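> I would like to see how this sequence folds:
(one chain, ligands or ions: 1)
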Amino acid sequence: MFLKRLSLVNYKNFDAQTFELDPVINCLVGSNGVGKTNVLDAIYHLAFGKSYFNPVTTQNIRHGEDFFVVEGEFSKKERTEKILCSFKKGSKKIIKRNGKAYDKFAEHIGFLPLVIISPADRDLIIEGSDTRRKFVDGVISQSDKVYLDHLLRYNKVLTQRNSLLKYFAANRTFDQTTLGIYNEQLAELGTLIFKKRQEFLESFIPIFKAQYQKIAEKEEGVALAYQSKLLETGLDTLLEQAIDKDRALQYTSVGIHKDDLDFTINDYPIKKFGSQGQQKSFLIALKLAQFYFIKQQAKTTPILLLDDIFDKLDENRVASIVALVDHDNFGQLFISDTHADRTEKVVKSINQSYKIFNL
Ligand SMILES: Nc1ncnc2c1ncn2[C@@H]1O[C@H](COP(=O)(O)OP(=O)(O)OP(=O)(O)O)[C@@H](O)[C@H]1O
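Residues are numbered from 1 along each chain as shown. As a prediction, the model looks like this:
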C-alpha cells in the first residue's frame with residue numbers, strides 16, 4: 001500500500017498544496033517551521049482521523065480559516081482508495097472513503113496501517129500511564145476490530161459507572177443493583193481487554209528487545225513489562241473490594257483503565273535512570289516493534305513516517321532503517337529533515353526510487 005497523492009487545504013500552515021508522491025521514499029526538507037511535520041501529520045490524519053501532535057481539531061485549521069480538508073489517494077491491492085478527512089468549525093469531523101462517509105471512525109482504523117516515529121514519542125516515557133495505554137491500544141486496534149469495540153464499550157460503561165457514583169454522592173443514596181450491573185459489564189469487557197493486552201505483550205516484547213539490541217548494538221538490560229492489578233485478582237473482585245473507595249472518590253479506581261507499562265533499564269525506570277541516548281533508542285525500538293508487529297498481523301506493510309529522525313539517531317543508524325526498503329516489500333517511507341544533503345545522501349545510498357520535496 002502507498003500514498004500516491006496528498007492534497008491539503010487550510011491544514012495548519014498550508015493554504016492549498018498537492019504532493020505527487022513517490023511509491024517508495026519521500027523526503028520533506030526545509031528549515032525549521034516550514035511545515036514538514038505538518039505534512040506527516042496530515043498523512044497520520046488520513047489513517048487515524050486525528051492529529052498525532054495536536055488533539056484539538058480546531059487548532060489544525062489554518063489560522064483565520066474555518067475549515068480544513070486533507071485528501072489522499074492510496075494504491076492498495078492494485079485499487080485506488082480515496083480517503084478524505086474534513087473538519088469545519090462547529091461541525092463534526094468527516095472521514096470519507098471513496099466518497100462515502102463513515103458512520104463510525106472506528107470502522108476506518110486499521111484500513112491504512114501506519115506508524116510514526118517522532119521526537120514527540122518521548123511523551124511515552126515522560127507522561128502518565130494514559131499515553132502508554134493509548135500506545136498499546138493503538139497497536140492492537142490497528143489489526144483487531146473486536147478489541148477496539150470492547151475498549152469503546154468498556155469506556156462507555158466506565159463513564160456511566162462514574163456518573164452513577166457521582167449521583168450517589170450528590171443524592172446521598174446507594175443502589176447496589178444498578179452498580180452491580182455496571183460491575184458485571186466492566187468485569188466482562190475488562191477481562192477480555194486484559195487478556196488481549198497480555199497476549200499482545202507476549203509477542204510484542206521479544207520483537208521490541210530484538211529491535212533495541214539492533215539499534216543500540218548492545219542489550220543494555222532494557223525491559224518492558226505489563227503492569228495491571230488484574231495480573232493478581234479478577235476484575236469482579238477488585239471492583240467489589242474498591243466500592244467504599246470508589247464511593248468516596250466518586251470514580252472507578254480499579255480496572256484496565258489503570259493499567260500501565262513499566263519501561264526499565266537494569267530494573268530501574270528508564271525515565272529516571274536512562275541516558276538521553278538510551279531513552280531515544282528505547283523509543284525507536286518501541287516504534288519499530290510496532291511496525292513489525294502490525295506488518296505481521298495486518299499482512300500489509302505499514303506506511304512509515306520518520307519525523308526528524310536524525311534527532312534520535314546518527315546517519316549510519318538512519319541509513320540502516322532506510323535500508324529496510326531494500327528488503328522485500330518494506331512499503332512507503334516519509335522522512336522529514338532540515339538538512340537536504342544529509343537526507344539525500346542517506347536515501348541515495350540504497351537503490352530505490354525517491355522524491356525530495358523542498359518546502
Ligand atoms: N493552525 C495553524 N495555522 C497556521 N500555521 C500553523 C498552524 N499550526 C501550526 N502552524 C505553523 O506550522 C509551523 C510548524 O510546522 P512544522 O511543525 O511542520 O515545522 P517543521 O518544518 O517540521 O519544523 P522543525 O524542523 O522545526 O521540526 C509553525 O510555523 C506554526 O506556526
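
> when you work out contacts or count neighbours from here on, use the C-alpha atoms and nothing else.
Noted.

> for stretch 271-290, buried residues please.
Residues of stretch 271-290 classed as buried by neighbour count (16 or more other CA atoms under 10 Å): 271, 274, 278-290.

> quick check: phi and psi on the closest residue to the ligand within the stretch 251-359 of the chain?
Closest approach between the stretch 251-359 of the chain and the ligand, counting by CA to the nearest ligand atom: T338, at 5.5 Å. Torsion angles at T338 (phi, psi; degrees, to the nearest 10) stand at phi -80, psi -20.

> kindly report the same for F19.
phi -120, psi 120.

> identify the bridge partners of the nearest residue to it once chain neighbours are set aside.
Spatial nearest neighbour of F19, chain neighbours left out: L6 (5.1 Å); criterion: CA to CA, 6 or more residues apart in numbering. Beta-bridge partners recorded for L6 (DSSP bridges): F19, G72.

> help me confirm that L6 comes into contact with E73.
Yes. L6 lies in contact with E73 (CA atoms under 8 Å); the separation is 6.6 Å.

> rewinding a little: which of the buried residues of stretch 271-290 sit farthest apart?
The two members of the buried residues of stretch 271-290 with the most space between them (CA to CA) are G274 and Q290, at 21.3 Å.

> what about the residue nearest to F19, how many neighbours?
22 (other CA atoms under 10 Å).

> could you measure from Q59 over to Q278?
To Q278, Q59 is 33 Å away according to CA to CA, to the nearest Å.

> contact partners for L21?
L21 sits next to L3, K4, R5, L6, K355 when contact means CA atoms under 8 Å, 6 or more residues apart in numbering.

> identify the residue nearest the third one in space, chain neighbours excluded?
What sits nearest to R5 in space, not counting adjacent residues and going by CA to CA, 6+ apart, is E20, at 4.7 Å.

> likewise for the first one?
Distances taken as CA to CA, 6+ apart put F74 closest to L3, at 4.3 Å, once the chain neighbours are dropped.

> list the buried ones in the stretch of helix or strand R247 belongs to?
Under the criterion of DSSP states H and E, R247 resides in helix 243-249. Going by neighbour count (16+ other CA under 10 Å), the buried part of helix 243-249 is I243, D246, R247.

> same check, this time on stretch 259-273
Buried residues in stretch 259-273 (16+ other CA under 10 Å): D259, D260, L261, D262, F263, T264, I265, I270, K271.

> out of these, which two sit at the greatest distance?
The widest separation within these (CA to CA) is 19.9 Å, between D259 and I265.

> show the contacting residues for D308.
S118, P119, I335, S336, D337, T338.

> ok, I294 next?
So I294 contacts P113, V139, Q142, S143, T300, T301, P302 (CA under 8 Å, 6+ apart).

> the residues you listed in helices, which ones?
The helices, defined by DSSP state H, take in V139 from those.

> need the contacts of I294 in TSV (columns: neighbour count).
Output for the contacts of I294, formatted as TSV (neighbours: other CA atoms under 10 Å):
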residue	neighbour count
P113	23
V139	23
Q142	23
S143	21
T300	17
T301	22
P302	25
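
> pLDDT and secondary structure for the buried residues of stretch 259-273 - can I get that in JSON lines?
Below are the buried residues of stretch 259-273 laid out as JSON lines (pLDDT from 0 to 100; DSSP: H, G, I helix; E, B strand; the rest coil):
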{"residue": "D259", "pLDDT": "98", "secondary structure": "coil"}
{"residue": "D260", "pLDDT": "98", "secondary structure": "strand"}
{"residue": "L261", "pLDDT": "97", "secondary structure": "strand"}
{"residue": "D262", "pLDDT": "97", "secondary structure": "strand"}
{"residue": "F263", "pLDDT": "97", "secondary structure": "strand"}
{"residue": "T264", "pLDDT": "96", "secondary structure": "strand"}
{"residue": "I265", "pLDDT": "94", "secondary structure": "strand"}
{"residue": "I270", "pLDDT": "95", "secondary structure": "helix"}
{"residue": "K271", "pLDDT": "95", "secondary structure": "helix"}
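
> report how many residues lie close to T18.
T18: 13 neighbours (other CA under 10 Å).

> how close does the closest residue in space to it that isn't next to it in sequence sit to the ligand?
Leaving aside its sequence neighbours, T18 sits nearest to S7 (CA to CA, 6+ apart; 4.2 Å). Distance of S7 to the ligand, given as CA to the nearest ligand atom, to the nearest Å: 15 Å.

> for the protein, which segments count as helices?
Using DSSP H, helices in the chain cover 36-48, 123-126, 129-141, 145-171, 176-216, 235-241, 243-249, 270-273, 276-298, 315-322, 340-348.

> no further queries at this time; thank you.
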